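Student: Have a look at this prediction, sequence included:
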Amino acid sequence: MNEHVSLSLPAEEPVQRTNSRKVFIKTYGCQMNVYDSTRMGDALASEGYVTTEEMGEADLILLNTCHIREKAADKVYSALGRLRDMKKARAAEGRELMIGVAGCVAQAEGEEIIRRAPAVDVVIGPQTYHRLPEALRQARNGKPVVDTEYALEDKFEHLPATDRSKIRARGVTAFLTVQEGCDKFCTFCVVPYTRGSEVSRPVGQIVDEAQRLVDGGVREITLLGQNVNAWRAKGPLGGEWSLGDLLYRLAEIPGLARLRYTTSHPRDMDDRLIEAHRDLRNLMPYLHLPVQAGSDRILKAMNRRHTGAEYLRLIERIRTARPDIAMSGDFIVGFPGETDEDFEDTLRIVEEVNYAQAYSFKYSTRPGTPGADLADQVPEEVKAERLERLQGLLLKQQGEFAKSCVGKVIDLLLEKPGRMPGQVIGRSPWLQSVNVDAKTSQIGDIIQVRIIGTGPNSLFAEPAESLIGA
C-alpha cells in the first residue's frame, strides 16, 4: 500500500466528561494504518479517551507503526527514547503518561520492544487493536502487556461502531477496511509476516459500516486491503462474491457518490472487477496497480507470478473497459541481481503504461524475508542512480497527465478549506488535489469546475455554472 508521512488523528468534537483522558496517536505508513488509528480512537472513546493533536497534553501516546521500509524498528526505538524521557518528567510531577506501540513493528518485534524500551506499557498488533482498552486496563496494574496473538476474524467481528457525530467531524471521505493480510509472499515484503494470511471481511459488516459512514455525511469511500482485490466472501443469497460484486452492491447506497479501492495485485484483477470499472460511474477512474519491476527475471525473483507482458495486457483490458482511467503503480529499483538491462526493462514498462502517479523506492532488505538472504545485492550508489532516473521519468509523466487536464470540465468533490481565504480543496476523479474558489459551506458538495492550471502537487480550477451535488 502507498506510504504516507506520519500524521495524527484530527481532534474530534468535545466529549463532555469530567474525567476524560486524552490520547495522541501518531500514525506511520499506509492507508490501512490511518484507518486502524481512527478505529483505535473509536475503541478508546468507550474508555473516556478524547483524541488530541497535541502530544504534550496526552495521557496516552500511541505509535501506530509501519514495517515496510528499512530501519523502521530503529526509528520506533528512537521515538520511544524521547517518550521515555517525557514519561520520567511526568512522573516527577506526579502525572501519568502511558505509552503504547501498535501496528506492524509491534507485531514483528513483540516482547523485544518491552525488553529494549521498558517505559512502554502496551504492545499491540494490527489485528488485536480492538483489545486495546482491555490491554490498557491490565497495564495499569503495573505489568506491561504484549498482545499480538490473533485470529484475524476476531478483529472484524469486534470493530466498534462509530457514532454519526465522529464521522461528520472527520470529513466527507473515509477509509473502510474490507480485507487484510497477504498470501502472495513476494520475496521483498514483510506483510505476510506482520499482517498474516489473506482474510476477507463479511459483506454484511462492510455494507453496514458503509451505510453508517454515508449517514454521517461521507460522500466518498475507499476500500482498503493489503491485496484488496483478493477479497472474497459469501454473498447474501449464497455463492461467492468477489470485489467487483461488492462494488456493485455498495454503488447502490443512496448518497454514496464515489468509490475507490487500494491496493490491488495484478493476479487478482478479474473480469468482474474490470466490468465494475466499465459499468459503475461512481467507481472512480483511478487504479493503483503495482508491477514493481519490468524485467521478467526480476519479477520471478520477486515471486510476483506474472510477467511484464501479462501486466501490459491487463492494463490494455482495463483501459478498453474504462478509457478515461488513470493508472498508478509501485516500483522497486535495485532488487538483488538487478542488472542495467533489467532496469531498462522497468523504464520500458513505465513508458508503455504512462502513469498518472507512481511510488518508487530503493530495495531495502527486510529481516525474515527471502530477499534478505539473496546474493548479489546491488550497491547503494547504483540504486540511487537508478531511482533518480526512474523518478525523473515518473514525474515527467505525472506532469504531462496534469497538463492534459487543463481545459477539462470535471466533477470535483469539495473536501476541506484551502490555505487562502475563499478557497476550498477538492479531489478530482483521478485523485488529484484541486484548488477552487468556493464557500466552506459547500464542503461535501460535488460541483463542476474547469481546470485552468497546474501546480507542483495540485491543480487549479474555476467553478462551472451548474451545481450537480448537494
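Tutor: Right, received. Where do you want to start? Numbering: from 1, shown residues only.
Student: from here on, contacts and neighbour counts on C-alpha atoms
Tutor: Fine.
Student: Domain-wise, how is this structure divided?
Tutor: 21-147, 155-404, 406-467 (the TED database).
Student: In TSV: these, plus mean neighbour count.
Tutor: Formatted as TSV, the domains of the chain follow (neighbours: other C-alpha atoms under 10 Å):
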stretch	mean neighbour count
domain 21-147	20
domain 155-404	18
domain 406-467	18
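Student: Could you export the ones you listed as JSON lines, including mean pLDDT?
Tutor: Formatted as JSON lines, the domains of the chain follow (pLDDT from 0 to 100):
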{"stretch": "domain 21-147", "mean pLDDT": "89"}
{"stretch": "domain 155-404", "mean pLDDT": "93"}
{"stretch": "domain 406-467", "mean pLDDT": "93"}
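Student: So what sits opposite the closest residue in space to Leu176 that isn't next to it in sequence in the bridge?
Tutor: The shortest distance from Leu176 to any non-neighbouring residue, by C-alpha to C-alpha, 6 or more residues apart in numbering, is to Leu223 (5.0 Å). On the basis of DSSP bridges, Leu223 takes part in beta bridges with Leu176, Tyr261.
Student: my guess is Leu223 meets Thr177, correct?
Tutor: Yes. Under the criterion of C-alpha atoms under 8 Å, Leu223 makes contact with Thr177 at 5.7 Å.
Student: The closest residue to Leu256 other than its chain neighbours and Cys30: what is the separation?
Tutor: Leaving aside its sequence neighbours, Leu256 sits nearest to Arg219 (C-alpha to C-alpha, 6+ apart; 5.1 Å). Separation of Arg219 from Cys30 (C-alpha to C-alpha, to the nearest Å) stands at 21 Å.
Student: Gly100 now?
Tutor: Applying C-alpha to C-alpha to Gly100 and Cys30 gives a distance of 19 Å.
Student: And the contacts of stretch 306-313?
Tutor: For stretch 306-313, the external contacting residues (C-alpha atoms under 8 Å, 6 or more residues apart in numbering) are Pro266, Arg267, Val291, Ala293, Gly294, Ser295, Asp296, Leu299, Lys300, Ile349, Glu352, Val353.
Student: Checking the residue lying closest to the second one once chain neighbours are set aside next. Helix, strand or coil?
Tutor: What that stands for is Arg267. Nearest residue to Arg267, sequence neighbours excluded (C-alpha to C-alpha, 6+ apart): His306, at 7.2 Å. Under the three-state scheme (DSSP: H, G, I helix; E, B strand; the rest coil), His306 adopts coil.
Student: Tell me who's in contact with the residue nearest to Leu256.
Tutor: Arg219 is in contact with Val172, Thr173, Gly255, Leu256, Ala257, Arg258, Gly444, counting by C-alpha under 8 Å, 6+ apart.
Student: from the residues you listed, which two are the most distant?
Tutor: Maximum pairwise distance among the contacts of Arg219 (C-alpha to C-alpha): 12.4 Å, between Thr173 and Gly255.
Student: Which other helices and strands does the longest helix belonging to the chain contact?
Tutor: Criterion DSSP state H: the longest helix present in the chain is helix 380-405. Judged by 3 or more C-alpha pairs under 8 Å, 6 or more residues apart in numbering; DSSP states H and E, helix 380-405 is in contact with strand 326-333, helix 340-353, strand 357-362, strand 446-454.
Student: between those, which gets nearest to Gln205?
Tutor: Nearest to Gln205, of all the helices and strands packed on helix 380-405, is strand 446-454, at 27.4 Å by C-alpha to C-alpha.
Student: Now do the closest one: which elements does it pack against?
Tutor: The criterion is 3+ C-alpha pairs under 8 Å, 6+ apart, and the helices and strands that strand 446-454 contacts are helix 380-405, strand 409-417, strand 459-467.
Student: Just put these in CSV and tack on distance to Met327.
Tutor: Formatted as CSV, the helices and strands packed on strand 446-454 follow (distance: least, C-alpha to C-alpha, whole Å):
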stretch, distance to Met327
helix 380-405, 10
strand 409-417, 18
strand 459-467, 18
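Student: Out of these, which is closest to Ala251?
Tutor: strand 409-417 (16.7 Å).
Student: what distance separates the start and the end of stretch 316-331?
Tutor: Terminal residues of stretch 316-331 lie 19 Å apart, using C-alpha to C-alpha.
Student: which other residues reach it?
Tutor: With contact meaning C-alpha under 8 Å, 6+ apart, stretch 316-331 is reached by 274-275, 277-278, 285-293, 353-361, 430.
Student: got the contact list for the helix or strand containing Glu112?
Tutor: Following DSSP states H and E, one finds Glu112 within helix 111-116. For helix 111-116, the external contacting residues (C-alpha under 8 Å, 6+ apart) are Tyr77, Ala106, Val120, Asp121, Val123, Pro144, Val146.
Student: Of these, which belong to strands?
Tutor: Secondary structure assignment by DSSP state E places Val123, Val146 of the contacts of helix 111-116 in strands.
Student: Among the contacts of helix 111-116, which one sits closest to Ser200?
Tutor: Nearest to Ser200 among these, with distances taken as C-alpha to C-alpha, is Ala106, at 22.4 Å.
Student: residues contacting the closest one?
Tutor: Counting by C-alpha under 8 Å, 6+ apart, Ala106 touches Thr65, Ile113, Val123, Ile124, Gly125, Pro126, Thr148.
Student: Enumerate every residue touching the closest residue to Cys186 other than its chain neighbours.
Tutor: Leaving out its chain neighbours, the residue that sits closest to Cys186 by C-alpha to C-alpha, 6+ apart is Asn303, at 5.0 Å. Asn303 sits next to Lys184, Phe185, Cys186, Thr187 when contact means C-alpha under 8 Å, 6+ apart.
Student: Does Asn303 belong to a helix, a strand or coil?
Tutor: Relying on three-state DSSP, one would call Asn303 coil.
Student: Tell me if I am right that Phe185 is in a strand.
Tutor: No. Counting by three-state DSSP, Phe185 is not part of a strand but coil.
Student: can you tell me how far the residue lying closest to Ala257 once chain neighbours are set aside sits from Ile253?
Tutor: Spatially, and ignoring its direct neighbours in sequence, Ala257 is nearest to Arg219 (5.3 Å; C-alpha to C-alpha, 6+ apart). Distance of Arg219 to Ile253, given as C-alpha to C-alpha: 11 Å.
Student: Repeat that for Lys416.
Tutor: Look at Lys416 and Ile253: by C-alpha to C-alpha, they are 23 Å apart.
Student: likewise Phe175?
Tutor: 16 Å.
Student: Hey, what's the angle from the longest helix of the chain to strand 446-454? Just curious.
Tutor: Using axes from the mean of the first three to the mean of the last three C-alpha atoms, to 10 degrees, the direction of helix 380-405 lies 120 degrees away from that of strand 446-454.
Student: how much does helix 380-405 deviate in direction from strand 326-333?
Tutor: Counting by the same axes, to 10 degrees, helix 380-405 lies at 170 degrees to strand 326-333.
Student: picking up where we left off before, need the contact list for the residue nearest to Leu176.
Tutor: Neighbouring residues of Leu223 by C-alpha under 8 Å, 6+ apart: Phe175, Leu176, Thr177, Val178, Leu259, Arg260, Tyr261, Thr262.
Student: which ones are touching the last one?
Tutor: The one in question is Thr262. Contacts for Thr262 (C-alpha under 8 Å, 6+ apart) come out as Met1, Thr222, Leu223, Leu224, Gly225, Gln226, Asn227, Val228, Leu287, His288.
Student: If anything else comes up later, I'll come back, but that's it for now.
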